[in-house]
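K.L.:
Structure, please.
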Amino acid sequence: MPRAAALEFQCQSCETEFPKWFGKCPECGEWNSLLRREEKKKALKPNSRARHWMELKAPSLTEHQSFELAFIQRLLGGGLPRGSVVLLAGQPGVGKSTLLFQTFASSSQKVLFASTEESESQLAVRFRKFCRDESAPFFVMSTSLLEDILQEADRLEVDTVVVDSIQMLGSRSSLQSRWGAGLMRELSDELVSQAKAKSRSLWIVGHVNKEGEIAGPKTLEHLVDCVFLFCGSDDPSVRSLQVQKNRFGPSGELALLRMEEKGLTEIPNPESFWMHQYSKSVPGCVYCPILLGSRVYCVEVQALCAATAFPSPRRTVSGFDLQRLHLILALLEKRLDLRFSGLDVYLNIVGGLKVEDTAADLAVAAALISAIKNQAFPSERVFLGELGLTGEIRSVPGVKQRLEAAARVGKQSAVFPASAESEKISELELLPHRHIQDLF
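P.N.:
Numbering: from 1, shown residues only. Model prediction:
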């Protein structure tokens with residue numbers, strides 16, 4: 001019987017193993033990603049043993065790291081326990097390092113900021129804009145090697161390590177495979193293990209891909225305790241900082257920031273930031289109070305229907321799930337006998353915001369109905385509710401909170417699920433509906 005070939009090469013992108021080298025991975029299509037597999041078995045730690053949960057105590061509030069920036073403190077749920085790991089991802093030039101400089105400029109923590117992209121003099125000049133205290137315990141270094149960062153962190157005995165960025169980090173033992181997904185996973189695991197073992201907070205800066213998702217293996221997001229996504233908007237001076245994962249507080253929290261000469265400042269009254277006041281009602285335009293974390297934001301939903309000469313009409317969305325739009329269009333055709341099959345449909349969530357809240361279903365349907373009928377709903381009205389396939393309007397979490405927020409931003413009426421119990425709000429006319437047919 002022929003002897004099976006040894007799997008000596010492994011793809012650094014998809015981790016598939018092969019008996020011989022290929023220039024292009026047959027599995028994932030990545031070029032120059034196959035490297036010879038090193039047969040190394042990690043020894044178990046001698047102190048790796050199970051302990052009864054009563055032997056361990058929860059960290060007290062005094063062991064939490066607090067921050068002077070109010071929006072950072074709020075997004076983290078009141079502080080950061082020591083030994084925690086935070087991943088901050090964003091587009092190039094959005095201000096990730098600026099945010100970190102501003103966060104630690106007013107902190108008493110001993111910080112090591114390791115950059116793989118900027119020189120030490122550049123880091124010092126930028127940090128000096130936010131901190132005038134020459135005795136501030138803030139150390140910078142320019143390196144792309146993991147060993148150098150860990151060595152300096154141990155020598156300085158710092159409280160926090162910042163790595164900017166993980167995609168450009170390498171190791172002396174794997175110089176030839178730098179920037180591969182497999183190496184990124186290995187280096188991240190080592191950084192997180194060291195942070196947990198030495199009760200040292202770790203902030204990792206990451207890149208995003210063309211789709212706006214965090215670049216690199218999904219394992220990176222599972223390793224960390226908090227994931228922040230830092231994005232721009234249509235206004236070049238406005239940024240949004242959103243919590244996608246938080247083990248110490250609510251996920252989904254959002255902070256709207258404005259980039260000014262002195263740094264990032266939080267925008268006051270963000271509930272109405274995405275609203276545009278029209279002089280009169282406009283067909284295809286409605287408003288919806290969505291819930292992000294613990295806050296409600298009133299967003300504008302716009303729809304446009306245009307005739308097409310092509311057999312396959314277009315379905316274009318911005319800020320909303322395309323599959324969800326297909327479901328709502330099918331529902332409107334079936335239950336309301338509205339024909340979208342010969343029309344191009346365009347849907348836009350104003351301001352570049354990505355809405356995943358199912359409460360926006362009713363607002364999207366109302367915008368589509370208004371656009372195809374060319375009849376405008378009152379601009380002082382909001383719509384909220386989830387749609388079922390039978391056309392019923394279902395309840396959503398936080399109805400009362402959403403209605404109160406709508407009243408605060410000046411709205412006068414609200415269409416919401418009749419099944420949701422809500423107390424009367426003096427500033428708001430409540431219009432409970434049970435079925436999508438009740439809209440017209």
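
K.L.:
Give the full set of residues in contact with the residue lying closest to Lys245 once chain neighbours are set aside.
P.N.:
Closest residue in space to Lys245, ignoring its immediate chain neighbours: Val227 at 4.0 Å, by CB to CB, 6 or more residues apart in numbering. Placement of C-beta: from N, CA and C, glycine included. Counting by CB atoms under 8 Å, 6 or more residues apart in numbering, Val227 touches 86-87, 89, 214, 221, 243-246.

K.L.:
What is the nearest of those to Tyr297?
P.N.:
Tyr297 lies nearest to Val243 out of the contacts of Val227, by CB to CB, at 14.5 Å.

K.L.:
what's the spacing between that closest one and Lys334?
P.N.:
38 Å (CB to CB, to the nearest Å).

K.L.:
Who has more neighbours out of these two?
P.N.:
Just comparing Val243 and Lys334: by other CB atoms under 10 Å the higher neighbour count belongs to Val243, 23 against 12.

K.L.:
And that one, how close does it get to Pro270?
P.N.:
As defined by CB to CB, Val243 lies at a distance of 15 Å from Pro270.

K.L.:
again with Ser135
P.N.:
Ser135 is 36 Å from Pro270, by CB to CB.

K.L.:
what does Glu421 give?
P.N.:
28 Å.

K.L.:
As a check, name the ranges of all helices in the stretch 1-150 of the chain.
P.N.:
70-75, 96-105, 120-128, 146-156 (DSSP state H, counting those that start in this stretch).

K.L.:
repeat for the stretch 151-300 of the chain
P.N.:
For the stretch 151-300 of the chain, the helices defined by DSSP H, counting those that start in this stretch occupy 181-197, 219-223.

K.L.:
ok so, going back, who does the residue nearest to Lys245 bridge with?
P.N.:
Counting by DSSP bridges, Val227 forms beta bridges with Leu87, Lys245.

K.L.:
buried residues in stretch 433-440?
P.N.:
433, 436, 439 (16 or more other CB atoms under 10 Å).

K.L.:
so what secondary structure elements neighbour the lowest-mean-pLDDT helix or strand in the chain?
P.N.:
Least confident element among the helices and strands of the chain, by mean pLDDT, DSSP states H and E: strand 34-36 (a mean of 77). Judged by 3 or more CB pairs under 8 Å, 6 or more residues apart in numbering; DSSP states H and E, strand 34-36 is in contact with strand 9-11.

K.L.:
who's in contact with the strand it packs on?
P.N.:
Residues from elsewhere that reach strand 9-11, judged by CB under 8 Å, 6+ apart: 16-22, 25, 27-28, 30, 33-37, 182.

K.L.:
ok so, going back, who has more neighbours, Ser135 and Pro270?
P.N.:
Pro270 (18 against 5).

K.L.:
Give me the pLDDT value at the more buried one.
P.N.:
Pro270 is assigned a pLDDT of 86 by the prediction.

K.L.:
check contacts around it.
P.N.:
By CB under 8 Å, 6+ apart, the contact list for Pro270 reads 254, 256, 295, 297.

K.L.:
swap in Arg324?
P.N.:
Neighbouring residues of Arg324 by CB under 8 Å, 6+ apart: 361, 364.

K.L.:
how far away is it from Leu439?
P.N.:
In terms of CB to CB, Arg324 sits 18 Å off from Leu439.

K.L.:
now Ala307, nearest residue through space, not along the chain?
P.N.:
Nearest one to Ala307, counting by CB to CB, 6+ apart, is Leu343 at 6.1 Å.

K.L.:
and the one you found, how many neighbours?
P.N.:
Counted with other CB under 10 Å, the neighbours of Leu343 add up to 20.

K.L.:
what's the span of stretch 311-325, first residue to last?
P.N.:
Criterion CA to CA, to the nearest Å; first-to-last residue distance in stretch 311-325 is 19 Å.

K.L.:
Give the rounded mean pLDDT of that stretch.
P.N.:
95.

K.L.:
Now do it: distance to the chain's middle.
P.N.:
22 Å (CA atoms, centre = their mean, to the nearest Å).

K.L.:
what's the answer for stretch 314-326, then?
P.N.:
Average the C-alpha atoms of stretch 314-326, do the same for its chain, and the two points are 19 Å apart (CA atoms, centre = their mean).

K.L.:
And it, what's buried?
P.N.:
By neighbour count on 16+ other CB under 10 Å, the buried set for stretch 314-326 is 315, 317, 319-320, 324-325.

K.L.:
Repeat that for stretch 204-215.
P.N.:
For stretch 204-215, by 16+ other CB under 10 Å, it's 204-208, 214-215.

K.L.:
Would you mind pulling up the elements that the lengthiest strand in the chain packs against?
P.N.:
Longest strand in the chain, counting residues (DSSP state E): strand 295-307. The contact analysis (3+ CB pairs under 8 Å, 6+ apart) places strand 295-307 against strand 285-292, strand 343-349, helix 360-373, helix 399-408.

K.L.:
can I see the domain layout of the chain?
P.N.:
Structural domains annotated on the chain: 1-37, 66-268, 285-439, as defined by automatic domain parsing.

K.L.:
Can I get those domains in CSV including distance to Tyr278?
P.N.:
Below are the domains of the chain laid out as CSV (distance: least, CB to CB, whole Å):
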stretch, distance to Tyr278
domain 1-37, 48
domain 66-268, 17
domain 285-439, 5
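
K.L.:
and Leu439, backbone torsions?
P.N.:
phi -70, psi -30 (degrees, to the nearest 10).

K.L.:
Touching, it and Gly391? I think so.
P.N.:
No: using CB atoms under 8 Å, Leu439 is not in contact with Gly391; the gap is 10.3 Å.

K.L.:
Closest one to Ser233 out of the contacts of Pro270, please.
P.N.:
Leu256 (8.5 Å).

K.L.:
now the closest one: how far from Gly342?
P.N.:
For Leu256, the distance to Gly342 - CB to CB - is 40 Å.

K.L.:
Which pLDDT value belongs to the residue nearest the centre of the chain?
P.N.:
Centroid-nearest residue in the chain: Leu229, 3.8 Å away (criterion: CA atoms, centre = their mean). pLDDT, Leu229: 94.

K.L.:
re earlier: output the buried residues of stretch 204-215 as CSV; include the columns distance to Lys110 and pLDDT.
P.N.:
Below are the buried residues of stretch 204-215 laid out as CSV (distance: CB to CB, whole Å; pLDDT from 0 to 100):
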residue, distance to Lys110, pLDDT
Ile204, 18, 96
Val205, 19, 96
Gly206, 24, 92
His207, 27, 90
Val208, 30, 88
Ile214, 28, 84
Ala215, 30, 79
